[in-house]
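In: sharing a model prediction with you, sequence too.
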Amino acid sequence: MKTAIVIGATGLVGRHLVTCLLENDYFSKVLVFSRRTTSLSSPKLTEYIVDFSDSSFWSHLVCGDVLFSALGTTRAQAGGKQQQYQVDYTFQFQFARIAKNNGVPTFVLVSSTGANPKSLLFYSRIKGELERDTIALGFPATIIFKPGPLEGFREKNRPTEKAMLELLRYLNRLSILQKYRPISGQKVALAMIAAAKSPTKAVTVFELEEIFLLAER
């Protein structure tokens, strides 16, 4: 039986991820590291409410078989570019490095379509830098998911993102921008779990079409 570690458990993908992990017999324990509680309850679940900027209190607890990283924010929610970079890159990279040093063999990351460390777009550049640098950590298995826009219930309203999703749904009915069509947070979560059970090589990248297929397994 395996132990899953999750960061980003209160977000759109992370919330579905924890729920699905708790229902999946392959994982006997689910360790959540979060800034606030998920409000979920299960004998399999252990929650650690942590300050990601100070690992001295919790780094020794990062032990298990798979680290799932779904942490993320927006510039508006974070309060600026610097704060967004801290959440989307610094916290995730530092946590992944601790997991690698503690012997966690598999790392599963939610990235994004268009991620590129040389991108002129700030968001895409952050995601690209995180992909590049976590791959360089050298986990026995690194699995990266690059979905398009995510759809599903969010605790915080994002009117701009909601409008963009509606536009993309319309364009996809016209077969335009297929690689950017929305995907539900639940499908991404299911695909992440399926991939984590049987990693096949050191680095695996799943693009949008592959995520849809993997979620159906």
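Out: Yep, it's here. Predicted, not measured: the structure shown is a model, and the values here were computed from it. Numbers count the residues shown, from 1 in each chain.
In: what segments of the chain are strands?
Out: 2-7, 27-34, 45-49, 66-69, 106-110, 141-145, 150-151, 183-184, 203-206 (DSSP state E).
In: out of those strands, the one nearest Arg75 is which?
Out: strand 150-151 (16.4 Å; C-beta to C-beta). Placement of C-beta: from N, CA and C, glycine included.
In: what strands line up against that closest one, and which way round?
Out: Here strand 150-151 is paired, per DSSP bridges, with strand 183-184 (parallel).
In: least reliable of the strands of the chain going by mean pLDDT?
Out: Set side by side, the strands of the chain give their lowest mean pLDDT on strand 150-151, at a mean of 76.
In: that one: how far from the chain's middle?
Out: With C-alpha atoms, centre = their mean, to the nearest Å as the basis, strand 150-151 stands 13 Å off its chain's centre.
In: same question for stretch 114-129.
Out: Offset of stretch 114-129 from its chain centre (C-alpha atoms, centre = their mean): 16 Å.
In: over to stretch 103-120?
Out: Relative to the centre of its chain, stretch 103-120 is centred 9 Å away, using C-alpha atoms, centre = their mean.
In: which positions within it qualify as buried?
Out: 104, 106-115 (16 or more other C-beta atoms under 10 Å).
In: can I get that stretch in PDB, CA atoms only?
Out: C-alpha atoms of stretch 103-120 as PDB (Å, rounded to 0.1, in the frame of the first residue of the first chain):
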ATOM      1  CA  GLY A 103      13.600   9.600  -0.800                       C
ATOM      2  CA  VAL A 104      10.100  10.100  -2.300                       C
ATOM      3  CA  PRO A 105      10.500   8.300  -5.700                       C
ATOM      4  CA  THR A 106       7.700   9.800  -7.800                       C
ATOM      5  CA  PHE A 107       6.700  13.500  -8.400                       C
ATOM      6  CA  VAL A 108       3.500  14.400 -10.200                       C
ATOM      7  CA  LEU A 109       3.100  18.100 -11.200                       C
ATOM      8  CA  VAL A 110       0.200  20.100 -12.600                       C
ATOM      9  CA  SER A 111       1.700  22.500 -15.100                       C
ATOM     10  CA  SER A 112       0.000  24.200 -18.000                       C
ATOM     11  CA  THR A 113      -0.300  24.200 -21.800                       C
ATOM     12  CA  GLY A 114       2.300  26.700 -23.100                       C
ATOM     13  CA  ALA A 115       4.700  26.400 -20.200                       C
ATOM     14  CA  ASN A 116       8.100  27.600 -21.300                       C
ATOM     15  CA  PRO A 117      10.900  29.100 -19.200                       C
ATOM     16  CA  LYS A 118      11.700  31.600 -22.000                       C
ATOM     17  CA  SER A 119       8.100  32.700 -22.500                       C
ATOM     18  CA  LEU A 120       7.300  36.400 -22.600                       C
END
